[in-house]
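# model the following, please.
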Amino acid sequence: MIERCACFLTDLGYIFPTVLAAIQARKFLDREIADVVIILFDSPPEKTELIEKICAQNHIILLNPAKEILEGYGVLHARLFLADLLPGQYQRVFYMDADIQITGSLNALIQTELPADCDFAAVPDPMAIELYEGPSAHPKIQAYFDGLGIKSSPDRPYFNSGTLLINLPAWATIGRDAIKFQTTMPAKCVFHDQSAANFAGHSKMMPMSFRWNFPIFFRNCGVERPIGPSVYHFMSKPKPWDGVFPPWNHDFFDPYVKLRAKYPELQGFSKSFSLSARAKYLGQQYYKRVIETVTWRYSGRRPAILEFNAATKF
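Below you'll find the model as predicted:
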């Protein structure tokens with residue numbers, strides 16, 4: 001029985017990029033090592049049947065649980081309920097957001113043994129890098145971290161929840177504590193479930209390399225080569241399925257074109273930008289590339305990224 005899986009959570013609004021990410025995960029995970037699972041919410045039977053057919057062709061498991069499991073929360077918070085959503089056979093889970101692309105093997109990662117005092121591993125969030133410049137430089141970030149009761153450092157950073165390597169039985173407690181905090185202290189959860197997860201799990205996490213959750217704008221920082229990403233994360237709009245926008249090229253856009261061509265029935269699940277919106281985003285992205293190059297590459301943030309990365313075990 002397979003005890004490991006790569007897992008994605010989605011609804012029909014994000015099923016198109018989720019299918020591509022899951023296909024890539026299946027490509028980069030040996031089938032005897034781990035399953036690939038998509039958990040799909042709010043999908044009527046005819047849509048579920050369509051997605052299930054595509055998943056079966058690519059050796060992906062599709063689950064379609066009742067949304068009541070989420071106790072009134074949306075899909076955004078579903079990762080906090082993973083212990084309730086996944087079959088009990090799974091002990092180790094590599095959770096990934098849908099707005100990622102995978103370019104390297106996940107085999108070694110998902111087989112990594114976590115220390116006894118760590119329940120999960122996660123990648124530092126860019127805010128942890130910014131705050132490393134000092135509280136006075138970023139008082140709002142400092143106030144946000146203080147509200148969560150955490151102290152971020154390279155060996156125990158505030159983490160991004162876009163990818164998580166989870167010891168699933170232990171995650172049940174973390175998820176429950178996070179939901180309780182989200183419910184009782186919503187004002188402190190500026191970034192929703194990520195805030196709640198940091199409150200509940202910060203002392204029980206182990207930092208892992210940006211290799212497993214590489215913010216796409218880090219391409220402007222000159223750190224891509226030394227880190228060698230296997231998982232790229234597109235954290236803000238536009239997304240790679242929207243078109244070719246700096247800092248990414250056709251290597252990240254073309255997989256979606258090929259997916260549409262192979263499965264025309266997915267066409268209805270992806271929307272196109274208008275010409276005006278495309279022009280707006282192109283201008284925005286070129287501007288951001290200049291700003292991010294100056295503020296991240298040619299500042300103390302670039303060595304901080306590498307210092308945080310060096311503090312990770314894998």
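# every contact and neighbour count from this point should use C-alpha atoms.
Noted.
# can you tell me the helix or strand for the residue most central in space within the chain?
Centroid check for the chain by Cα atoms, centre = their mean gives G162 as the closest residue, at 2.1 Å. Following DSSP states H and E, one finds G162 within strand 159-167.
# please enumerate residues in contact with that strand?
91-97, 110, 114, 119-126, 128, 194, 197-198, 202, 207, 212-213, 233 (Cα atoms under 8 Å, 6 or more residues apart in numbering).
# got the CA positions of whatever helix or strand comes next after that strand in PDB?
Beyond strand 159-167 on the C-terminal side, the first helix or strand identified by DSSP H and E is helix 168-184. Output of helix 168-184 as PDB, limited to C-alpha atoms (Å, rounded to 0.1, in the frame of the first residue of the first chain):
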ATOM      1  CA  LEU A 168      -0.300  13.700   8.100                       C
ATOM      2  CA  PRO A 169      -1.200  12.300  11.500                       C
ATOM      3  CA  ALA A 170       0.400  15.200  13.200                       C
ATOM      4  CA  TRP A 171      -1.100  17.700  10.800                       C
ATOM      5  CA  ALA A 172      -4.600  16.900  12.200                       C
ATOM      6  CA  THR A 173      -3.700  18.800  15.500                       C
ATOM      7  CA  ILE A 174      -2.000  21.700  13.700                       C
ATOM      8  CA  GLY A 175      -5.000  22.100  11.300                       C
ATOM      9  CA  ARG A 176      -7.500  22.000  14.200                       C
ATOM     10  CA  ASP A 177      -5.500  24.600  16.200                       C
ATOM     11  CA  ALA A 178      -5.200  26.800  13.100                       C
ATOM     12  CA  ILE A 179      -8.900  26.700  12.400                       C
ATOM     13  CA  LYS A 180      -9.600  27.600  16.000                       C
ATOM     14  CA  PHE A 181      -7.200  30.600  15.800                       C
ATOM     15  CA  GLN A 182      -8.800  31.700  12.500                       C
ATOM     16  CA  THR A 183     -12.200  31.600  14.000                       C
ATOM     17  CA  THR A 184     -11.400  33.400  17.200                       C
END
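# any buried residues in helix 168-184, and which?
168-169, 171-179, 181-182 (16 or more other Cα atoms under 10 Å).
# and that helix, what does it pack against?
Identification of packing neighbours for helix 168-184 by 3 or more Cα pairs under 8 Å, 6 or more residues apart in numbering; DSSP states H and E yields helix 82-85, helix 193-201.
# give me the residues contacting it.
79-84, 90-93, 119-120, 189, 192-193, 196-197, 199-201.
# ok so, going back, can you redo the helices and strands packed on helix 168-184 as JSON lines with mean neighbour count?
Output for these, formatted as JSON lines (neighbours: other Cα atoms under 10 Å):
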{"stretch": "helix 82-85", "mean neighbour count": "20"}
{"stretch": "helix 193-201", "mean neighbour count": "24"}
